[in-house]
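# let's see this in three dimensions:
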Amino acid sequence: MIDREYYLLFCLIVFVIAAVPCYSHESLFDGKTLYAGKELWKETLPLQSGSRVYRLEGLKSNSWYEVKISYPASIPALFSLQLLRNGEVGLKLKQMRRLLNTEKLIFESGSHEDKDGLYVLVTVEPEGIVAIPNFNERSFIIYNIVCEEQLLGIAYSCWSVVVLVVLCIVVALILPRFLPSHLLIKDGDRDR
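Residues are numbered from 1 along each chain as shown. Reported below is the predicted structural model:
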């Protein structure tokens, strides 16, 4: 009978520990603020189970944003991004994008009715093996993080490149009409 009471007490303690969070996301917040349109350079995290919460500031209401992390390929790591709305997990990045050592999270800011604001939780885990024998694995990883507003799924900072590409295509289509015919390649000349 005493064993049963200890077992029930043990289950109650486990339930309380699991059901009641030990700390809120606000206590995880270590003072880092990520402003929309401004990149933070050379941020560091411990490579083993490192995590940091960034408070998002300067967001416009009902706009789309992209939080993007870039990190060096010399330190293989697996980053995870989670959007926290009002202290709860809102959106998690799926591991579908492995391109150029960047990870990104796209979300809509919603209205400014969020009491506690928006946060991004960044976590990192080591990936791969140490390539150099008798060399210790690095204990920290360096990365850059930015939050950018998007228009039609493209970040505002990239629109100048889009305009340049469209301009080049238009010039490539229109320019041959104004060139003298002897400068144009004829069908017979293509076969040589």
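
# which ones are touching residue 60?
Each residue near residue 60 by Cβ atoms under 8 Å, 6 or more residues apart in numbering is listed here: 36, 109, 149. Just so you know, the C-beta spots here come from the backbone N, C-alpha and C atoms, and that holds for glycine as well.

# which of the residues you listed sits closest to residue 67?
residue 36 (9.7 Å; Cβ to Cβ).

# can you mark which positions in the longest strand along the chain are buried?
Criterion DSSP state E: the longest strand present in the chain is strand 140-151. Buried residues in strand 140-151, defined by neighbour count with 16 or more other Cβ atoms under 10 Å: 141, 143, 145, 146, 147, 148, 149, 150.

# now tabulate those in TSV and tack on pLDDT.
Shown next, in TSV, are the buried residues of strand 140-151 (pLDDT from 0 to 100):
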residue	pLDDT
141	84
143	87
145	89
146	86
147	86
148	84
149	83
150	75
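
# of the residues you listed, which is the nearest to residue 70?
Using Cβ to Cβ, those come closest to residue 70 at residue 143, 6.6 Å.

# residues contacting residue 140?
Per Cβ under 8 Å, 6+ apart, neighbours of residue 140: 44, 45, 46, 47, 50.

# longest helix of the protein?
For the chain, the longest helix by residue count, based on DSSP state H, is helix 159-178.

# quick one: residue 169 from residue 175, how far?
Separation of residue 169 from residue 175 (Cβ to Cβ, to the nearest Å): 11 Å.

# please enumerate the strands of this structure.
Under DSSP E, the chain gives strands at 33-35, 40-46, 50-57, 64-70, 77-85, 88-92, 102-108, 118-126, 140-151, 154-155.

# in this structure, which helix or strand is least confident?
Using mean pLDDT, DSSP states H and E, helix 25-28 stands out as the lowest-scoring helix or strand of the chain, at a mean of 44.

# and stretch 50-68, what's buried?
Going by neighbour count (16+ other Cβ under 10 Å), the buried part of stretch 50-68 is 50, 52, 53, 54, 55, 56, 59, 64, 65, 66, 67, 68.

# how far does that stretch stretch from start to finish?
Chord length of stretch 50-68, first to last residue, is 17 Å (Cα to Cα, to the nearest Å).

# give the rounded mean pLDDT of that stretch.
Mean pLDDT, stretch 50-68: 84.

# ditto for stretch 5-12
In this model, stretch 5-12 has an average pLDDT of 68.

# residue 81 is in contact with residue 105, correct?
Yes: between residue 105 and residue 81 there is a contact under Cβ atoms under 8 Å: 4.1 Å.

# quick check: which ranges of the chain have low pLDDT?
Applying pLDDT under 70 to the chain flags residues 1-2, 8-12, 14-31, 86-101, 111-116, 129-137, 153, 156-157, 182-192.

# go with 80
1-31, 48-49, 73-76, 85-104, 108-117, 127-139, 150-160, 175-192 (pLDDT under 80).

# OK, contacts around residue 66?
104, 105, 106, 147, 148, 150, 155.

# that's all I had, so thanks and see you.
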